[in-house]
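Colleague: The following block contains a protein sequence and its predicted model.
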Amino acid sequence: MRLSILDQAPISTNQTPHDALSAAMKLAQAGEKLGYSRFWIAEHHNLPGLACPAPEVMLSYIGANTKNIRIGSGAVLLPHYKPYKVAEVFNLLSTLFPGRIDLGIGRAPGGTTEATNALSDHFLQNVWSMPEKVRDLVHFLDDDFPSENPYAKLSAAPIPPTPPVPWLLGTGKKSAMLAAEYGISFAFGLFMSDSDGTAIIQQYKEAFKPRKQGQKPEVIVTVSAICAETNERAEELALSPLIWSIQRGKGQGINGVPSVKEAKKYELTEKEQEDLQKMKQNMIIGNPQVVCERIKELQAKYQADEMMIVTITHNPQDKIQSYRLIADELLKYKS
């Protein structure tokens, strides 16, 4: 099984943004040592508690401090940007770190309405133009615009020996079909989707149009997981991100992920208790056997080529330990 990591660079209550970004880099180093295939970092804007608005900047930092693990964006939010600029940036990253760069793209705003308006004009119009943006981005990455296209003589220099691998991230059929139309690998965000992922992924595979000879559809399924030595400890660790999500939803506790001690002090209303239980249903929480069996079940159910794991804990060491325990079980890493 191939496993990978998605990190959102969350800030804990005892951290500065610098601490959180340093922890993300150290997690990438740990993932490389543990045998994870790739490390992606997300893009968020004006969301207190999340430290990374620019994955392309973090990838330079992470790439310079790792050697072999693939690194990428999870995701660059394409409606905010021109495809040419995105291609230039990721071609530059691929030139610096040959054969290691993934360009994950998404259509979400990734932040507040105010941030969206500050980032780009006519965001909804740009979302409607997403197919054209994806088409142009792929042509820039492949350096193969048709001769009659106005961009035919334009290159997103520097052109690396191995171009970045584009991935389209999504939670529904629209994103899957867009990925299939342009011959792009698809990452399905199961951890934040209520859609029938099996049908979506099957439709993607059936509709896939290779843009290069021999190319096949490739699927990553992303899950939220917290693993610890015991089920009890895993449940305890999971309380921190769950309470954090509830607090953020109410505009409270936005300074960061609380510690377990802080989370236990939070008094849940009846509605919040219901919300917490619903959120837990989208997470995998338990000891290594419980977590890894569930990951294997989901990999088989969705016929995924790779499983990507997002883990949020208050203590970065608990996060690394969670990934280590999963690697021990599924990647046969032995610490």
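Modeller: Now that the structure is in, tell me what you want to look at. Residues are numbered from 1 along each chain as shown.
Colleague: which ones are touching Tyr323?
Modeller: Residues counted as contacts of Tyr323 (C-beta atoms under 8 Å, 6 or more residues apart in numbering) are 5, 27, 30-31, 34, 36, 227, 309, 311. Using the backbone N, CA and C atoms, a C-beta is placed for each residue, glycine as well.
Colleague: again, only using 7 Å
Modeller: For Tyr323, the contact set (C-beta atoms under 7 Å, 6 or more residues apart in numbering) comprises 5, 30-31, 34, 311.
Colleague: is it possible to export these to CSV including distance to Leu141, secondary structure and neighbour count?
Modeller: Compiled in CSV, the contacts of Tyr323 are given as follows (distance: C-beta to C-beta, whole Å; DSSP: H, G, I helix; E, B strand; the rest coil; neighbours: other C-beta atoms under 10 Å):
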residue, distance to Leu141, secondary structure, neighbour count
Ile5, 23, strand, 27
Ala30, 30, helix, 20
Gly31, 25, helix, 25
Leu34, 30, helix, 20
Thr311, 30, coil, 27
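Colleague: what's the pLDDT at the residue nearest in space to the middle of the chain?
Modeller: Most central in the chain under C-alpha atoms, centre = their mean is Gly74, positioned 3.5 Å from the mean C-alpha point. pLDDT for Gly74: 97.
Colleague: in what helix or strand does it lie?
Modeller: According to DSSP states H and E, Gly74 maps onto strand 70-77.
Colleague: Pull up the pairing partners for that strand, direction included.
Modeller: Take DSSP bridges as the rule and strand 70-77 pairs in its sheet with strand 38-41 (parallel), strand 101-106 (parallel).
Colleague: distance between the longest one and the chain's centre?
Modeller: Taking the mean of its C-alpha atoms, strand 101-106 sits 9 Å from the chain's own mean (C-alpha atoms, centre = their mean, to the nearest Å).
Colleague: likewise the shortest one?
Modeller: A distance of 7 Å separates the centroid of the chain from that of strand 38-41, by C-alpha atoms, centre = their mean.
Colleague: And the residue in the chain sticking out farthest from the centre, how close does it get to Ala157?
Modeller: Computed with C-alpha atoms, centre = their mean, the residue of the chain farthest from its C-alpha average is Glu148, at 36.0 Å. Distance, Glu148 to Ala157, using C-beta to C-beta, to the nearest Å: 22 Å.
Colleague: Do you have the strands of this protein handy? List them.
Modeller: 3-7, 38-41, 70-77, 101-106, 165-170, 185-188, 219-227, 283-286, 306-310 (DSSP state E).
Colleague: Can I get these in JSON lines including distance to Phe208?
Modeller: Formatted as JSON lines, these follow (distance: least, C-beta to C-beta, whole Å):
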{"stretch": "strand 3-7", "distance to Phe208": "21"}
{"stretch": "strand 38-41", "distance to Phe208": "21"}
{"stretch": "strand 70-77", "distance to Phe208": "19"}
{"stretch": "strand 101-106", "distance to Phe208": "17"}
{"stretch": "strand 165-170", "distance to Phe208": "12"}
{"stretch": "strand 185-188", "distance to Phe208": "9"}
{"stretch": "strand 219-227", "distance to Phe208": "10"}
{"stretch": "strand 283-286", "distance to Phe208": "28"}
{"stretch": "strand 306-310", "distance to Phe208": "16"}
